[in-house]
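Q: show me how the following folds:
(one chain, ligands or ions: 2)
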Amino acid sequence: MGTISLTELGSKLAGLMFIWGTIQQFFPYTLRKRIKSFWQKFENYFYPYVQITIDEFTNGKSNDIYTQVHSYLGTKSINKDAKYLKAEKSKNSKSFAVSLDEGEEIIDQFLGAKLSWRFYKETFNENSSGRNNSRPIEKKSYTITFNQRYKEMVIGKYLKHVMEEGKVIEFNNRKQKIYTNNCSEDWYWYDKGMWRDINFEHPATFDTLAMDPKKKEEIVIDLVAFSKGKDYYSKVGKAWKRGYLLYGPPGTGKSTMIAAIANFLNYDIYDLELTSVKDNSGLKKLLMETTSKSIIVIEDIDCSIDLTGKRKKKKKKNEETVNEDQEDDSDLSKEKASENKETGKLTLSGLLNFIDGIWSACGQERIIIFTTNHKDKLDPALIRRGRMDMHIEMSYCKYEAFKVLAKNYLDIETHPLFQQIQSLFEEVNISPCDVAENLMLKNASGGPEICLNNLIQALEKAKEKANKDKEDKEKTSLNSKNIKKFSTKLVGRLKKLLK
Ligand SMILES: Nc1ncnc2c1ncn2[C@@H]1O[C@H](COP(=O)(O)OP(=O)(O)OP(=O)(O)O)[C@@H](O)[C@H]1O
Ligand SMILES: [Mg+2]
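A: Residues are numbered from 1 along each chain as shown. Ligands and ions are numbered 1, 2, ... in the order given. Here you go, the predicted model:
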């Protein structure tokens with residue numbers, strides 16, 4: 001039996017049901033019961049189908065299931081043989097979506113069941129609700145029709161599957177965003193929450209990132225394990241979040257790595273500017289306004305705010321207190337209390353709580369990244385495992401990393417000059433940023449050779465400079481050794497004279 005005639009049959013049976021509803025009152029109760037049970041058998045025999053309708057709006061609010069079904073059927077429409085489709089692109093979507101046109105049918109299969117989806121659109125006048133300025137209102141819905149023996153499976157499993165798949169499709173199609181909290185001056189954003197966003201369109205990927213391939217693979221494996229770790233994290237009772245500390249000299253790719261991670265996982269980025277945060281409660285509010293599947297970034301954490309100094313000073317003060325005045329043990333707790341009273345300030349403990357306090361679990365699947373040029377300047381509590389789970393050193397460019405850059409910038413994998421470049425890389429520390437700058441084609445008519453020669457010159461210059469610096473250092477240390485020797489001799493003679 002074709003599905004079109006099935007739908008027609010369904011509506012005819014519904015019509016008969018309506019007539020029965022009107023005339024049944026004229027029949028005695030026992031007869032009514034018998035007719036009803038007979039009718040049900042009759043209906044199940046000729047029309048053993050169940051229909052579920054999913055409206056775009058329920059009780060005036062948009063229905064999430066409708067949007068998820070819409071996204072899910074978008075992918076099905078392309079694969080199956082529906083002929084009348086619509087293409088649409090919303091503001092926040094990076095690609096257009098295909099959807100069913102009115103009345104068009106899609107057949108889906110799930111666990112042996114055949115499911116027929118249709119899209120309906122009703123237009124009616126707002127005037128019917130008694131208002132003067134009438135406007136046509138559209139009521140959109142999807143219906144799903146299936147054999148009643150699959151009713152439990154459809155409600156229990158299939159619809160859940162559609163919603164989950166739809167959510168993933170929606171997520172993958174959305175435009176990535178980068179948020180900043182540095183917007184206090186701009187009154188326009190005042191009402192729009194604490195974060196201001198723009199589309200994130202950085203082209204960096206792990207393929208274009210120049211670094212030791214083994215290290216890169218380790219990071220990718222770690223990220224995949226994290227993004228698929230929902231069940232694992234809940235099994236071990238840990239909040240589903242992970243911290244990465246990226247450290248290394250300037251221009252070694254820390255910010256580029258953040259962009260590559262965001263593109264790899266398709267996460268949004270929250271670029272947290274600590275200097276714009278007034279106090280601990282402001283930090284907590286910012287955290288509460290971040291979404292799941294996102295990366296919270298604090299760049300140059302050592303320069304953002306004097307969090308480390310405060311703690312170190314405190315420790316020192318405590319030591320002195322203990323030495324000078326052993327009787328007052330309550331000083332430490334007093335200081336802690338005074339820190340708590342400092343409501344107008346952002347403190348280290350506020351930041352530690354932000355990263356892994358109870359509130360940090362208010363969203364799921366979140367990555368926190370700190371970057372720094374000076375790992376040693378950071379308070380150990382801030383970067384201990386659990387807060388910063390993986391410490392990633394972004395180092396100077398070595399030959400393997402150079403090969404990635406040569407491929408990206410010049411489209412070459414080998415070249416006779418590579419050997420010379422390789423031996424220079426063993427002697428010189430140069431950042432990937434400087435290598436990349438030399439490999440940039442600045443002249444349309446110039447070939448890779450010009451760029452490679454530029455790089456060789458830069459490497460040789462860097463080598464010369466490094467040698468000179470080394471010589472200068474040796475000279476200075478020799479001088480200071482001589483001064484030390486001379487002064488000990490002098491002190492010795494003076495002592496003798498004084499005796
Ligand atoms: N490892 C790398 N792979 C590819 N490109 C790189 C790499 N490192 C640097 N670059 C290039 O150099 C530029 C500067 O890099 P980036 O901003 O990521 O450095 P950084 O480590 O964040 O520096 P800083 O410590 O000063 O913030 C980028 O535009 C990028 O194209
Ligand atoms: Mg940077």
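Q: same for the helix or strand where residue 491 lies, what does it pack against?
A: Of the helices and strands defined by DSSP states H and E, residue 491 is found in helix 448-498. Helix 448-498 sits against helix 399-410, helix 418-427, helix 432-439, with contacts defined as 3 or more C-beta pairs under 8 Å, 6 or more residues apart in numbering; DSSP states H and E. Heads up, the C-betas are built off the backbone N, CA and C, glycines and all.
Q: part of a strand, is residue 250?
A: No. Per DSSP: H, G, I helix; E, B strand; the rest coil, residue 250 lies outside any strand segment and is coil.
Q: just to revisit the earlier point, do you know which of the helices and strands packed on helix 448-498 lies nearest ligand 2?
A: Closest to ligand 2 of the helices and strands packed on helix 448-498 is helix 432-439 (C-beta to the ion; 9.6 Å).
Q: the residue of the stretch 251-400 of the chain found nearest ligand 1: neighbour count?
A: The stretch 251-400 of the chain approaches ligand 1 most closely through residue 253 (2.7 Å), counting by C-beta to the nearest ligand atom. Residue 253 has 24 neighbours, counted by other C-beta atoms under 10 Å.
Q: make sure it is actually in contact with residue 432.
A: Yes. Using C-beta atoms under 8 Å, residue 253 makes contact with residue 432 at a distance of 5.4 Å.
Q: pull up the overlap in contacts between those two.
A: 210-211 (C-beta atoms under 8 Å, 6 or more residues apart in numbering).
Q: and stretch 278-294, C-alpha only, in PDB?
A: Output in PDB follows, covering the C-alpha atoms of stretch 278-294 (Å, rounded to 0.1, in the frame of the first residue of the first chain):
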ATOM      1  CA  LYS A 278      36.600  43.900  38.500                       C
ATOM      2  CA  ASP A 279      36.500  41.200  41.200                       C
ATOM      3  CA  ASN A 280      35.900  37.500  41.900                       C
ATOM      4  CA  SER A 281      32.200  37.700  41.600                       C
ATOM      5  CA  GLY A 282      32.600  39.400  38.200                       C
ATOM      6  CA  LEU A 283      34.700  36.400  37.200                       C
ATOM      7  CA  LYS A 284      32.100  34.000  38.400                       C
ATOM      8  CA  LYS A 285      29.400  35.800  36.400                       C
ATOM      9  CA  LEU A 286      31.500  35.600  33.200                       C
ATOM     10  CA  LEU A 287      32.000  31.900  33.800                       C
ATOM     11  CA  MET A 288      28.200  31.400  34.200                       C
ATOM     12  CA  GLU A 289      27.600  33.100  30.800                       C
ATOM     13  CA  THR A 290      29.900  30.800  28.900                       C
ATOM     14  CA  THR A 291      28.400  27.900  26.900                       C
ATOM     15  CA  SER A 292      29.400  24.300  26.700                       C
ATOM     16  CA  LYS A 293      31.700  23.100  23.900                       C
ATOM     17  CA  SER A 294      33.900  26.100  24.300                       C
END
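Q: and it, how far out from the chain middle?
A: Its chain's C-alpha centre and that of stretch 278-294 lie 15 Å apart, by C-alpha atoms, centre = their mean, to the nearest Å.
Q: which element, helix or strand, includes the closest residue to ligand 2 within the stretch 51-200 of the chain?
A: Nearest residue of the stretch 51-200 of the chain to ligand 2: residue 178, at 14.0 Å (C-beta to the ion). For residue 178, the host element (DSSP H and E) is strand 177-180.
Q: packing partners for that strand?
A: Under the contact criterion of 3+ C-beta pairs under 8 Å, 6+ apart, strand 177-180 touches strand 196-199, strand 268-271.
Q: mean pLDDT for those strands: which is lowest?
A: Ranked by mean pLDDT, these bottom out at strand 196-199, with a mean of 90.
Q: just checking, what packs against it?
A: With contacts taken as 3+ C-beta pairs under 8 Å, 6+ apart, strand 196-199 sits against strand 177-180.
Q: quick one on the thing from earlier: quick one, phi/psi of the residue of the stretch 251-400 of the chain closest to ligand 1?
A: phi 100, psi 20 (degrees, to the nearest 10).
Q: quick one, what contacts it?
A: Counted by C-beta under 8 Å, 6+ apart, residue 253 has contacts 209-211, 394, 432-433.
Q: can you give me the pLDDT of it?
A: On pLDDT, residue 253 comes in at 96.
Q: what about it, distance to residue 412?
A: Between residue 253 and residue 412 the distance, using C-beta to C-beta, to the nearest Å, works out to 21 Å.
Q: can you check residue 391 too?
A: Counting by C-beta to C-beta, the gap from residue 391 to residue 412 is 33 Å.
Q: can you pull the contacts of residue 200?
A: Counted by C-beta under 8 Å, 6+ apart, residue 200 has contacts 175-178, 262, 268-269.
Q: list the buried residues for the host helix or strand of residue 69?
A: Using DSSP H and E, residue 69 sits in helix 64-79. Of the residues in helix 64-79, those buried by neighbour count under the rule 16 or more other C-beta atoms under 10 Å are 65-74, 76-77.
Q: other SSEs contacting it?
A: Against helix 64-79 (3+ C-beta pairs under 8 Å, 6+ apart) you get strand 49-55, strand 97-100, strand 105-110, strand 113-125, strand 136-147, helix 159-173.
Q: between strand 113-125 and it, find me the angle.
A: Calculated by axes from the mean of the first three to the mean of the last three C-alpha atoms, to 10 degrees, helix 64-79 forms an angle of 120 degrees with strand 113-125.
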